[in-house]
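K.L.:
sharing a sequence plus its predicted fold:
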Number of protein chains: 2
Amino acid sequence: MRIGELAARTRMAPSTLRYYEQRGLLRPPERTPAGYRSYGDEAEQRLEFIERARAAGLTLTRIAQILDIRDSGASPCAHVQGLLDRRIVEIDEQLAQLALLRASIAELSVRAEQVPAEACTPASICSYL
Amino acid sequence: MRIGELAARTRMAPSTLRYYEQRGLLRPPERTPAGYRSYGDEAEQRLEFIERARAAGLTLTRIAQILDIRDSGASPCAHVQGLLDRRIVEIDEQLAQLALLRASIAELSVRAEQVPAEACTPASICSYL
DNA sequence: ATGGACCTTGAAGTAAGGTTGAAGGTCAAG
DNA sequence: CTTGACCTTCAACCTTACTTCAAGGTCCAT
C-alpha cells in the first residue's frame, strides 16, 4: 500500500504521515524500486493507535515514547497507564477552572439582567459590565 | 504597582503581561514619568480571570472578546447579554465534552489495571488504548 | 557616581503539529 | 508519447502562546 492509500484509509493527509515518520511515530517503510513508500497493514493499526492516543490528549512526543517502548519489545502498558492517570489529573484541573469561568460569566449575565432596559440608552452604554 | 510586582503576584512573566497587553487582554496601563507601566489592583483580578479562562482551554482571542464585552460596551445591552449567554452555552458544551473525555480516559485506565501485561501484543501495540 | 536590579521597545526565536510549495521522478491510460 | 495523478525531498511557512535578545533608560543603595 502506498502513502496515498494509507492516508485515505486513516483519513489523514499524506503529508501528516511523512511528518509522523520524521517525528519517529511511524517507522520508515519499505520502498518500491521507484522509491515510493510501501506500507503493510500493520501501519494502519499503528495509525489508529496514534489517533486514539491523540484523542486521549497525549502529545506526539509522548506517543512516540510509547511506540518506542513497544518497538523495542517491551510492554508499554505500565507506562501508558501512568500517562493516562496524569492526563486525568490534568483534565480534572481543567474542569475545575472551566466551572469557575462559567460562574464568572454567569454572574456578568445576571448583573446584565438586573439593569432596567431604560438604563441602556445610547448615552449610557452598558457601563455596568 | 510596576510590571515586575504584578508579574510576581500573578506568577506570570513580565514578558507575558506585555504580550497580553499587545494582544488586547490587558488595557494599556498608566505610565510613570519614566515610562514604566503602573498597574492598579484591578489588573490582578483581570489576570486571574484570564488564567481561569486559559486553564479552561479558551484561546487568548476568545478571552480578549469576553474582556472586550466586560470593558467597553460599544454594543446594546441585549446584545451584550446575548454574547454572555452564548459564551455560557459554549462553556457548558466544553464542560460536557471534557467530562466525556475524562470518562473515556478513566475507563481506559481502569481497564489497564485489570488487563495483564501479556495482552500487549506487538500487533495491538497496547490494548489499553 | 557607580553597580545592579528593573524597566522600555521591537524583532527574532521557540515549541507543537502540521501544511504548502518548488522541482522533479513514476506510472497507467488514451 | 503525452497527460494527469501520484510520488519524492527539502525547505519554508502557519498558528498559538510565549520567551529571548539587543540596545538602551531608570532607580536606589553603597
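P.N.:
Cool, the structure landed.

K.L.:
okay, and the beta partners of the closest residue to A:Thr32 other than its chain neighbours?
P.N.:
Once flanking residues are discounted, A:Thr32 sits nearest to A:Ser38: 5.2 Å by Cβ to Cβ, 6 or more residues apart in numbering or on different chains. For glycine as for every other residue, the C-beta is placed from the backbone atoms N, C-alpha and C. Partner residues in beta bridges with A:Ser38, using DSSP bridges, are A:Glu30.

K.L.:
what angle sits between the lowest-mean-pLDDT helix or strand in chain A and helix B:77-114?
P.N.:
Least confident helix or strand, chain A: helix A:77-114 with a mean of 82, by mean pLDDT, DSSP states H and E. Here helix A:77-114 runs at 160 degrees with respect to helix B:77-114, directions being taken by axes from the mean of the first three to the mean of the last three Cα atoms, to 10 degrees.

K.L.:
up against DNA strand D, what does chain A have?
P.N.:
Residues of chain A lying close to DNA strand D (Cβ under 7 Å from any atom of the strand) are A:Arg2, A:Ile3, A:Gly4, A:Glu5, A:Ala7, A:Pro14, A:Arg18, A:Gly35, A:Tyr36, A:Arg37.

K.L.:
so what's the residue count around the fourth one?
P.N.:
To tie it back to what came earlier, the one meant is A:Glu5. Applying other Cβ atoms under 10 Å in any protein chain shown, we find 12 residues neighbouring A:Glu5.

K.L.:
chain neighbours aside, what residue packs nearest to A:Leu67?
P.N.:
Distances taken as Cβ to Cβ, 6+ apart put A:Leu25 closest to A:Leu67, at 6.1 Å, once the chain neighbours are dropped.

K.L.:
contacting residues for the residue of chain A found nearest DNA strand D?
P.N.:
Residue nearest to DNA strand D within chain A: A:Gly4 (2.4 Å; Cβ to the nearest atom of the strand). Listed by Cβ atoms under 8 Å, 6 or more residues apart in numbering or on different chains, the contact set of A:Gly4 reads A:Pro14.
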